[in-house]
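S.K.: Give me the fold of what follows.
(chains A and B)
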Amino acid sequence: MSVDDARERFDDLVTWATGTLRGDEVLLASLRGENSDFVRFNHGAVRQAGSVQQQSLAIDLISGRNHAEGSVTLTGHPATDQVRVAVLLDDLRAQRAVLPEDPYLLFATDGSDSERSVLGELPAAADAVDAVSTGATGNDFVGIYAAGSTFEAFGSSMGQRNWFDATTFNLDWSLHLRGDKATKNAYAGTSWDEQAFRSKIDWSVRELVALGRPPKNLPPGGYRSYLAPAAMQEIMGMLSWGGFGLRAHETRQTPLLRMVTEGASFAPAVSIVEDIAGGVAPDFQRAGFQRPNAVQLITNGAFDSHLVSPRSAQEYGVATNGAEDYEYPLALAMSPGSLPAAGLLDALDTGLYIGNLWYLNFSDRTACRTTGMTRFGTFWVEGGEIVAPIEVLRFDDSAFNLLGDRLEGLTETAETILDSSTYEHRSMESLRLPGALVSEMTFTL
Amino acid sequence: MTDLETRLEDRLRGMLPADADYASARHVVERGTNLSVRNGVVEPPAASHDEGVMFTVWRDGGIGYGATSDLTDAGLAAAVERASDWAQATAGRSVVDQTPLLHTVGDYETPVAESFDSMDLVDQIAILVRADSAMNVDDRIVDRGAAMLRYDVETLLITNGGGRVAQRIRQVFPDLHATANVGSNTQTRTYGRAAFGGQGGLEVMAEHGFADAPVRIGEEAVALLDAPNCPTGVMDLLLAPDQMVLQIHESIGHPLELDRILGDERNYAGTSFVTPDMFGTYQYGSELLNVTFDPTVAGEVASYGYDDDGTPAQRTYLIKSGILQRPMGGTISQARAGLNGVANSRASSWNRPPIDRMANLNVEAGEATVDELIAGIEHGVLMETNVSWSIDDSRNKFQFGCELGRMIENGEITGIVRNPNYRGISSTFWRNLTGVADDFTTMGTPNCGKGEPNQVIRVGHASPHCRFSAVQVFGGEA
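M.R.: This next block holds a predicted model:
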C-alpha cells in the first residue's frame, strides 16, 4: 500500500472509530507503518533479501480518568480493519469499566494538526543490490541495506491529525580482514548517490590497509584516547538510558544522579540538546502533544532540562515537552568544539584512536560508571601516526571522568548519524556528535 | 472474525508458487497483554494483536521473502510477487543456492494447567496491587512496581510440498522491582529482571514463588543501601540461577550460534571465538559442564515442537563433560557449514526471516546441594540477579554485574555486599567450574537481540547454582 493510501485509510479509520464512541469517550489513535526492503550481506554475497509492509494502530480509549490501551495490525482491508478496531474497542471498553481512575492520565485536548514529508529518491531494490555487490567486489563485505518509506500518524476523536513520512535508505556495513579486524562505515540518506557510496567504500578499503599491520596487544591501564563520533554514539546511548528523563531523576535511578544530589557536572565544553528540528523523528507523540524544536538537556556541563512525558508531567506536576513514555532522546545533538579534524592525530600524539565502541553497560549506574569494548577501526597511535590496530580492550570508566576533567576537546565538526536500528521497524532516531579527545580512559581487560 | 480471516489458510496455500524449488507461507498471530502497577497506581492495561504473513520463495539459486500485514488477496499476492522478485534478483549471488528445507507436518501447543481466562481482570490486577504494596517496606523505597506480561503466539507454516506445522505458544513473564535510595546511593532489587518467566498459565506464577517474593525484594533493596561495596580480588564465585541465565546466554549461547561462526553477524551482533574445527574436541569447560539444547522441558520459555523452518526439535547435548559437541545452527546453516546442528531457526515474528537463535539452552544439574557448594568456599561471593552485561564481539572478554552479593567466608555466608561485578574470558572461565548444584531451575529472558534486520526473541535458560574458582571480582563506584 502506498504512503498516500495509508494516510487516507488511517484518516477514514479514525473518523469511523470516532463515530462508534459512546458517551464521553475519547479516542487517541497512533499509526506506525513502513514499506521496507532489507538485503543482508555476508562475504559480499546476499544472505537474506526481502520486503516488509506493515501497519500497526495503537488506541487509547478514555472516559473521564479511566482508560485502557491496545494495538492491532492493520490488514489494508477496510471492512476487516473496522472489525479489528471494533473488537479492540469493545475489549478496551470492558477493561476500562473495571479499572480504577488513572491519576497520571494526560493527553492533548487542544493540539494542532501537522504534516511533514521527507521525500527521497531511492534506487529500485534490485539496482541497489547490484550497486552494493559491485562495491563489495574483492572485499569481505558484511552488512545490511534497509530502504523504503516509513510513516507515523496521530489522530484523535477531537479531530486532531498529525502525519509524518520519510523515504530513506541506510546501508550499514563492515569490511573484514581477518578474525575481528574490520572497519565499519555507513551510507544513509534520502537520495542514493553512486559516487558518494564509492568514496565511502574506498575509505573503508584504505582503513583495511592499516588494519593489516600486526595488532598491538595492550595491557590494561589508562590510555590517552580519541573517541570518534561513532564511539561517542555508544557513550551517549548509555547517558540517554535514564540520563535525561524526569522519571529516572525523580526515582533516583538516573546515571546522572550525582548531578542531582551532589552538583556534579561535565566539562563546560559539553552541551547536549534534544534537537527535534534537526533530526528526522516526528514532532508529535502518542498522546497528541507536539515536541518543541529543541530541549536543552546539558548546558555548559550542567544539567539543564528533562525530557518529560505526559505521564511524568502529571505525576510530578510539571509541563510535558512531548517525550514518549520512555523519555529517551530521539534526535540528540552535542555541540562541537574547536579540535580541527586535520590535526586530530597530532593532538592525540600517543594513545588510542577508537573508531567504535561496543556492548556498553553500567558497572555502577549511579556513579555513571560504564563498561564496554573497543571494536571496529581502533588503532594505536604514536607521535601522531597510526602504528597498528589493537586487540580488543575492555574499558570501565565514568562519563563524569571522560566528559569531565579528562576531556581535552571536541572536534570542530559534528557528524550526523542516522540510527540503523530495525527492531520491529526502521528507526527514525538520529544523533549529531563530535569526536572527543580525553587525557585518559581506563581499560581493565 | 471476517470471511477474509476464516479462509486464510486456504488462501495462503493457493498462493504458494507450485513451480518454486521451495515456497512457504508463515502466518503469525501474537496477542500480548501487559498489566502493571507502579507505586500503588494501576497503569493502563496494554493489549496487542500483531498479525501478518511472510512468504519465502527459493527458485533457481535465489531466495527472497515478502512479508505483509495486508491480508487482502491483493496484499498477499503482492507479497508473493515481492518474494519471487527477490529470488530472481539474488539468483547466483546468494550464500545459499539450494534449499535444504523440509516439508514437515506436525503441531505443538503449550500445556496450560490453569488458564488466565479462568481469572477475571480485576483479580489479576489485584495480585499485582498486593505485590506492589508488599514491596513498600520502608520509607527509603522510592520506586516500585509489579507487572505481568503475557504472550499467546499462534504460528502456521505451510509449504508448497504439503508441509503444515501449527504451533501455539503461551508465555508468562511476571516482574517486580523495588528501588531504594539515600543521597547518591540507589539500589534496586528485582524478581530476576523477568527471568522467572515460563510457558503455561497461572501456574507459572506459583511455580516461581511470585506471591512470596515482594516482601523479600523490598527488604533486600533497603538492606543493600547499608551494605558495604563488594570487595575487589580474585576469589571463588557462586552464581545463583538468575545470574547463570545471563552467563549461559552470553558466553555459551551466542558463541555457539552457527550463523555467527559463519560470519553472518559480524556487522552487528558479532562473531565467535568458536571455530568449526573445535566441535568434538574442544575443552569448553571443566568435566562438570553439561549443556543441552532442549526444547522439550515442560514449562520452559522456548519449548516447541518445530523451529520456524519446520525442523523437528529435540533434546541435544551441545557440551558434554566439558567437551564441545555441536553448534546451534538450523537446517540452512548446517548445510552451509557441513556440521550437525539443532532446530533453532527462529524468527521474532512474521515480519522477520528465521535465523539461528537460542531456544532452551540449559546447564544440566549436578549432584551437590547448594549448601555443599557454599561449604566448599573459603573466601568468595555468591551473586544473585543480573543487572549489567557486556561482552566482546567474539563473545570472549566479558564483564557482568549483579544486584546483590553474599560474602562467603570459611564455608558460611557472612553478609551482603552491593554492586558486585566480575569479569573474565569465556574460553577459560568455564574451565574453572568447580561445582554444579542439584537445584535445576527453569527461567528465561524476554529480550535477546540479534540479526539484520534486528530481531528480539524470547529464550529459555535453566540452570542450578554453579561455582567457579579464581574469578576477578570487584565492586562499584568510580
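
S.K.: can you count the residues close to the nearest residue to A:Glu115 once chain neighbours are set aside?
M.R.: Among residues not flanking A:Glu115 along the chain, A:Trp163 sits closest, at 4.3 Å (C-beta to C-beta, 6 or more residues apart in numbering or on different chains). The way it works is simple: take the backbone N, C-alpha and C, and place the C-beta from them, glycine included. Around A:Trp163 there are 22 other residues, counting by other C-beta atoms under 10 Å in any protein chain shown.

S.K.: which is the next helix or strand following the host helix or strand of A:Trp163?
M.R.: Applying DSSP states H and E as the criterion places A:Trp163 in strand A:161-178. Sequence-wise, the next helix or strand downstream of strand A:161-178 (DSSP H and E) is strand A:181-189.

S.K.: Please name the strands paired to that following strand in the sheet, noting orientation.
M.R.: Here strand A:181-189 has these sheet partners by DSSP bridges: strand A:161-178 (antiparallel).

S.K.: For the strand it pairs with, buried residues please.
M.R.: By 16 or more other C-beta atoms under 10 Å in any protein chain shown, the buried positions in strand A:161-178 come out as A:161-177.

S.K.: and what of stretch B:361-379?
M.R.: So stretch B:361-379, judged by 16+ other C-beta under 10 Å, has buried residues B:Leu361, B:Asn362, B:Val363, B:Glu364, B:Ala365, B:Gly366, B:Ala368, B:Val370, B:Leu373, B:Ile374, B:Gly376, B:Ile377.

S.K.: Grab the nearest non-local neighbour of the third one.
M.R.: The reference is to B:Val363. In space, and not counting its chain neighbours, B:Val363 is closest to B:Ser463: 4.3 Å by C-beta to C-beta, 6+ apart.

S.K.: The one you found and B:Pro241 touch, don't they?
M.R.: Yes: between B:Ser463 and B:Pro241 there is a contact at 4.9 Å, judged by C-beta atoms under 8 Å.

S.K.: what is in contact with the two at once?
M.R.: Here B:Ser463 and B:Pro241 have B:Thr441, B:Met443 as joint contacts, going by C-beta atoms under 8 Å, 6 or more residues apart in numbering or on different chains.

S.K.: The closest residue in space to A:Asn66 that isn't next to it in sequence is in what secondary structure piece?
M.R.: Leaving aside its chain neighbours, A:Asn66 sits nearest to A:Arg96 (4.7 Å; criterion: C-beta to C-beta, 6+ apart). Here A:Arg96, judged by DSSP H and E, is contained in helix A:78-98.

S.K.: just for chain A, where's the confidence low?
M.R.: Filtered on pLDDT under 70, chain A yields no residues whatsoever.

S.K.: Just the ones in strands from the buried residues of stretch B:361-379, please.
M.R.: Taking DSSP state E, the ones among the buried residues of stretch B:361-379 that sit in strands are B:Leu361, B:Asn362, B:Val363.

S.K.: quick check, nearest of the residues you listed to A:Thr350?
M.R.: Distance to A:Thr350 across these (C-beta to C-beta) is lowest for B:Leu361, with 44.1 Å.

S.K.: Who does that closest one form a beta bridge with?
M.R.: B:Leu361 forms beta bridges with B:Phe293, B:His461, as assigned by DSSP bridges.

S.K.: Kindly provide the distance from it to chain A.
M.R.: 19 Å (C-beta to the nearest C-beta, to the nearest Å).

S.K.: Hmm, B:Val291 and that residue touching each other?
M.R.: Yes: applying C-beta under 8 Å, one finds B:Leu361 in contact with B:Val291, separated by 6.9 Å.

S.K.: Could you pull out the residues contacting both of those two?
M.R.: Residues touching both B:Leu361 and B:Val291 by C-beta under 8 Å, 6+ apart: B:Ile248, B:Ile252, B:Leu318.

S.K.: TSV for those, including secondary structure, distance to chain A and pLDDT?
M.R.: TSV is the format used below for the shared contacts of B:Leu361 and B:Val291 (DSSP: H, G, I helix; E, B strand; the rest coil; distance: C-beta to the nearest C-beta, whole Å; pLDDT from 0 to 100):
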residue	secondary structure	distance to chain A	pLDDT
B:Ile248	helix	17	97
B:Ile252	helix	17	98
B:Leu318	strand	23	98
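
S.K.: Give me the buried subset of these.
M.R.: Buried by 16+ other C-beta under 10 Å: B:Ile248, B:Ile252, B:Leu318, out of those.

S.K.: Looking at the buried residues of stretch B:361-379, which one is closest to A:Gly111?
M.R.: Among the buried residues of stretch B:361-379, B:Leu361 lies closest to A:Gly111 (C-beta to C-beta), at 47.8 Å.
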